[in-house]
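Chemist: Pasting the sequence and the predicted model now:
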Amino acid sequence: MSDGAAGTLHDDRPAHDEAQADEAIAADQASGSRGARRSAAKGATGKTGARSTKAAKGAATRDTMTESAEATLEGRAESRSGRKTTARSQLPRASRSTTPDYRIAEQPAFVLHSYPYRETSLIIDVLSRDHGRVALVAKGAKRPHSALRGVLQTFQPLALAWTGKGEVRTLTGAEWVGGMLPLTGDALLCGFYVNELLVKFIAREDPHPELFRHYVVTLTRLAHDEPPVQVLRAFERVLLREAGYALALNRTVNRKAVVAEGRYVFDPERGVREASDEWPSQWPRLSGQTLLDMEEDDYHRPQTVAQSKALMRFLLNTYLGGTPLATRQILIDLQNL
């Protein structure tokens with residue numbers, strides 16, 4: 001599996017990508033009238049319960065790693081010629097869509113996926129801190145001597161610049177920021193799985209600063225060889241919450257506190273319910289201890305590992321409407337997920 005610019009992810013629309021990109025670029029140059037699309041949240045986020053001492057220590061460690069990684073991303077924009085990240089990126093979210101400035105500079109971002117465009121260019125799908133998921137055309141990126149060939153790599157922090165206001169923008173600059181360890185082996189496969197989830201769940205032009213932050217945390221934890229099961233479960237929960245699917249695990253839909261000795265099912269539309277024969281058989285059966293452990297990101301119990309895996313697999317499949325995840329199947333085959 002290559003970790004180069006082309007990545008390993010493939011959208012379910014390869015036969016139409018080039019035509020769609022041509023139309024979007026033409027529209028951008030002709031009129032510049034196409035606006036950013038935003039997705040509506042489907043639910044409210046649940047509150048997390050009190051963390052255990054062990055979970056609190058883990059959170060402190062992750063916060064330290066996050067601060068280090070974010071310091072690199074944040075400091076880069078200030079380090080060159082006193083330039084700031086971008087005027088647009090510092091505007092309140094509500095005003096960004098109406099600003100006349102369509103030139104973005106020094107935007108922290110990661111390449112999620114890329115695919116060929118025409119003979120010498122690429123279309124890259126990036127996750128940016130302040131503008132969400134954005135499609136960019138990298139002109140000439142496939143040429144042998146292009147400076148972009150070695151820069152547009154997955155899982156590497158970048159400072160990107162682009163222009164335009166159509167569905168597909170034009171990349172005008174890309175610089176490797178550095179400061180993060182590369183992913184290798186099983187961690188690399190997990191990284192591609194995380195990227196595929198982002199492509200599938202997050203609409204373009206919909207900013208998710210907290211999700212971007214947690215993506216940095218996730219890559220950092222994977223690079224430091226933390227247990228993939230814990231890292232991926234934590235990311236999946238943040239992703240679903242940001243996509244509008246709240247996952248409050250410490251209380252039932254009737255506002256009753258979950259107890260460790262209890263038996264529960266998970267209703268994908270409402271949340272945790274007390275177990276009963278009246279509920280559909282396909283809903284995951286869970287112990288109260290598993291739900292409380294997941295609320296605290298504690299996966300040291302074998303039962304929690306097994307039941308949380310089944311729950312998240314069920315929810316992701318349900319919310320994606322049965323659309324398969326290629327990287328998940330690879331990880332399942334390797335018994336890493």
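Modeler: Alright, I've got the coordinates. Residues are numbered from 1 along each chain as shown.
Chemist: Past whichever strand or helix holds residue 193, which element shows up next along the chain?
Modeler: Taking DSSP states H and E as the criterion, residue 193 maps to helix 185-201. Downstream of helix 185-201, the first helix or strand assigned by DSSP H and E is helix 209-223.
Chemist: Give the other helices and strands that the next helix or strand after that next one contacts.
Modeler: With elements assigned by DSSP H and E, the helix or strand that comes after helix 209-223 is helix 228-242. Where contact means 3 or more C-beta pairs under 8 Å, 6 or more residues apart in numbering; DSSP states H and E, helix 228-242 is packed against helix 185-201, helix 209-223, helix 302-319. Backbone N, C-alpha and C define where each C-beta goes, glycine included.
Chemist: Show me what the helix or strand that comes right after helix 228-242 is in contact with.
Modeler: On the C-terminal side of helix 228-242, the closest following helix or strand by DSSP H and E is strand 263-267. Identification of contacts with strand 263-267 by C-beta atoms under 8 Å, 6 or more residues apart in numbering yields 252-253, 258, 272-276, 279, 283-288, 291, 311, 314-315.
Chemist: What residues of strand 263-267 count as buried?
Modeler: 264, 265, 266 (16 or more other C-beta atoms under 10 Å).
Chemist: out of these, which one sits closest to residue 183?
Modeler: Nearest to residue 183 out of the buried residues of strand 263-267 is residue 266 (C-beta to C-beta; 30.8 Å).
Chemist: Chain neighbours aside, what residue packs nearest to that closest one?
Modeler: residue 284 (5.1 Å; C-beta to C-beta, 6 or more residues apart in numbering).
Chemist: Which residues are in contact with the one you found?
Modeler: By C-beta under 8 Å, 6+ apart, residue 284 lies in contact with 265, 266, 307, 310, 311, 314.
Chemist: CA-only coordinates of stretch 303-323 in CSV, if you can.
Modeler: Extracted in CSV, the C-alpha atoms of stretch 303-323 (Å, rounded to 0.1, in the frame of the first residue of the first chain):
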residue,chain,number,x,y,z
GLN,A,303,-15.7,-7.5,26.9
THR,A,304,-15.5,-3.7,26.3
VAL,A,305,-13.2,-4.2,23.3
ALA,A,306,-15.5,-6.8,21.7
GLN,A,307,-18.8,-5.1,22.3
SER,A,308,-17.5,-1.6,21.4
LYS,A,309,-16.2,-3.0,18.1
ALA,A,310,-19.6,-4.5,17.3
LEU,A,311,-21.4,-1.3,18.3
MET,A,312,-19.3,1.0,16.2
ARG,A,313,-19.3,-1.3,13.2
PHE,A,314,-23.1,-1.4,13.4
LEU,A,315,-23.5,2.4,13.7
LEU,A,316,-21.1,3.2,10.9
ASN,A,317,-22.8,0.8,8.6
THR,A,318,-26.2,2.1,9.5
TYR,A,319,-25.3,5.8,9.0
LEU,A,320,-23.5,5.1,5.8
GLY,A,321,-26.6,3.3,4.4
GLY,A,322,-24.7,0.0,4.0
THR,A,323,-21.9,1.6,1.9
